[in-house]
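**Student:** this one's structure only:
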């Protein structure tokens, strides 16, 4: 087993063998989750705090369920965006929570790098549940597990990531992870939603979605983050759907066995046609949700092992028996 | 009192020379170069080290009034002297801004108590809000050396045109911050690979060129004397060249941080590297160094911006921008010298002679009759910077832990020694103030 990380702040910090370790462990949790009796004990006795500075239903419940299934005491702190004046409270909240001796801190924050900052201030394991437009590592890992189960591998696949790349931490983490696993990446979308400097990332960039989907193994759609738009990135939703929405005609250009993914929540009729999203032969969107719980269980399990080892080593150094 | 500096290497930015010599100072002004020591003179043996005009640092933020916890006049003065800065040209972006003759008189009075020369710029518009012009004439009479709203761009082109037209009648100097305000709003980094990977809101480097083009069009229309505070991108340099070729009365500055650091130095969201404008690409940096070497860029400043820990210990995009620089300007500038890009006399043109000339101040030269504002330094003395040793009240330097070369050994203002570094380095040099 190889997994060295103390925190899970981004996939950037993970080596390919660590990713594989995590996904292998997640497979065992997929099996556990499908049983009627779903309890594991990997996090027994540990306290997990979910600290969400940005509203989230699915990610937060996924983390909550993952923690509970492994026996952790889970607490949800919904810090409404409005009550957080500036980052002062971020550090203060971190220090306050830290004093309560949590073992796992799951954090989502609207500013890039905020979770890294917080991780410096606490002495427990921190999991990034999404920071600004920077990273969303567990999403990329659950996507990887979904792809690996559907395709049998993560290397030498052609993956098309489509839509609002510029504002998407999901896209960023997926690009980094799939790049590390040696897949070929295409970024598909209007130039206004393409991050500057994307051409230097070793991805193909396609403004034409038909060209972008040609012979793809995986079609990964992104949510059009309307709430993030300063305004004026695209002329209208209907024009966006016409040119970059996934419909049967465009999907026909991908490989016949290509899978369709979406991190959710979907805007049906904006970035994806409803019937494709529901097509059980093509869409793995529900699988992604299932894999999400398993991947988060695996991630927290591994972090908890490292945390226990670290504390054990410290105690041994200090001559204390544990 | 007569002082005689002997056994020195004199940096003369006017003649662009650098060589052995001696300097005599009488009654606070330079009275002779390369003469014998007059009778009764106190001799300062410089031990072969470099003696240059004191630095004129244009664009320093002092926290008075309003933010004395970040920097007082006193702490700014001590920090300046330890960095070889003998004239601080302060910014008006205080709380409240320096936008009336009364507020200017207040800071001028406070400044007179300090061992360093401090001159003030005034705001260009009331409250730096970009709606009404300040009393330019009164402020000029009260001693404002230039007018600027700092990094807050006057967005109304109509108002800016009127300010320039009025200032032209007074012969006043306007300092602009070339930036397209709409494009750069909310940005904390330069658009490109780095900002995209780290997910930091970014602005295209072209926003600087576009702001510069607008301002220069108005300069051409009004004929005002104008200075760009910070040029930081390669794309803006040809625009500057064209303006000069057209005969406009235009000068340009840049910051030492943009000459010595690039966007990748931000690394893992280190907020001490969050500056306005944001750090640029390495290509931009190299183009800037060349522009300083060939004189396209006239002025180098520290843009000293003290910020406390509170406003820096935040997520990168919401952290306050700016870095302190009074004390690190000289050693950072030595990087440009050691890397072979820029000679010492050329550096002193940009850090001393040019800003003094442009602002109508008497310093910046070693000529007979010039004020004896001097810095004695060793460009080769190595050290590792520890930010807690800085004299500034704020410790937000991007050079914390950096290996640097170049130490100030002594500083004189008006012939009076106001800083001296103890130890074997400068046995002859005694401090009256500071240190």
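**Tutor:** Yep, that arrived. On a predicted model such as this, the values are computed, not experimentally measured, just so you know.
**Student:** Write out the residues of chain B neighbouring chain A.
**Tutor:** Residues of chain B lying close to chain A (Cβ under 8 Å from any Cβ of the partner chain) are B:191-200, B:202, B:204, B:268-269, B:310, B:313-319. From N, CA and C alone the C-beta is placed, and that goes for glycine too.
**Student:** Low-confidence ranges, the stretch 51-200 of chain A, go.
**Tutor:** Across the stretch 51-200 of chain A, the ranges flagged by pLDDT under 70 are A:80-89.
**Student:** So which residues on it come close to chain B?
**Tutor:** Residues of the stretch 51-200 of chain A that fall close to chain B, judged by Cβ under 8 Å from any Cβ: A:86-88, A:90-91, A:109, A:111-114, A:116-117, A:131-135, A:166, A:169, A:172, A:195-198, A:200.
**Student:** buried subset of the residues you listed?
**Tutor:** Burial by neighbour count, 16 or more other Cβ atoms under 10 Å in any protein chain shown: within these this picks out A:87, A:90-91, A:109, A:111-114, A:116-117, A:131-135, A:166, A:169, A:172, A:195-198.
**Student:** Among those, which lie within helices?
**Tutor:** Judged by DSSP state H, these include A:90-91, A:114, A:116-117, A:169, A:172 as members of helices.
**Student:** For stretch A:307-322, the averaged confidence score.
**Tutor:** Averaged over stretch A:307-322, pLDDT sits at 80.
**Student:** So which bits of it are buried?
**Tutor:** Judged by neighbour count (16+ other Cβ under 10 Å), stretch A:307-322 contains these buried residues: residue A:307.
**Student:** what's the spacing between that stretch and its chain's center?
**Tutor:** Averaging C-alpha positions (Cα atoms, centre = their mean, to the nearest Å) puts stretch A:307-322 32 Å from its chain's average.
**Student:** again with stretch B:243-263
**Tutor:** Counting by Cα atoms, centre = their mean, stretch B:243-263 comes out at 12 Å from the chain centroid.
**Student:** now do stretch B:327-337
**Tutor:** Stretch B:327-337 sits 12 Å away from the centroid of its parent chain (Cα atoms, centre = their mean).
**Student:** Also stretch A:33-51?
**Tutor:** Remark: stretch A:33-51 is offset 19 Å from the chain centroid, using Cα atoms, centre = their mean.
**Student:** In it, which residues are buried?
**Tutor:** Neighbour counts using 16+ other Cβ under 10 Å place A:33, A:40, A:42-43, A:46-51 of stretch A:33-51 among the buried residues.
**Student:** Could you dump the residues you listed into a markdown table and include secondary structure?
**Tutor:** Shown next, in a markdown table, are these (DSSP: H, G, I helix; E, B strand; the rest coil):
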| residue | secondary structure |
| --- | --- |
| A:33 | helix |
| A:40 | coil |
| A:42 | coil |
| A:43 | coil |
| A:46 | coil |
| A:47 | strand |
| A:48 | strand |
| A:49 | strand |
| A:50 | strand |
| A:51 | strand |
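**Student:** Would you check how far apart the residue nearest to the spatial centre of chain A and residue A:27 are?
**Tutor:** Nearest to the mean C-alpha position of chain A, counting by Cα atoms, centre = their mean, stands residue A:139 at 1.6 Å. Applying Cβ to Cβ, to the nearest Å, the value for residue A:139 to residue A:27 is 18 Å.
**Student:** Would you mind measuring from the closest residue in space to residue A:53 that isn't next to it in sequence to residue A:13?
**Tutor:** Sequence neighbours aside, residue A:109 is the residue nearest to residue A:53 in space, at 4.5 Å (criterion: Cβ to Cβ, 6 or more residues apart in numbering or on different chains). Using Cβ to Cβ, residue A:109 is found at 18 Å from residue A:13.
**Student:** residues contacting whichever residue of the stretch 201-322 of chain A sits closest to chain B?
**Tutor:** As assessed by Cβ to the nearest Cβ, chain B sits closest to residue A:201 within the stretch 201-322 of chain A, at 7.1 Å. Contacts for residue A:201 (Cβ atoms under 8 Å, 6 or more residues apart in numbering or on different chains) come out as A:175, A:179, B:193, B:196-197.
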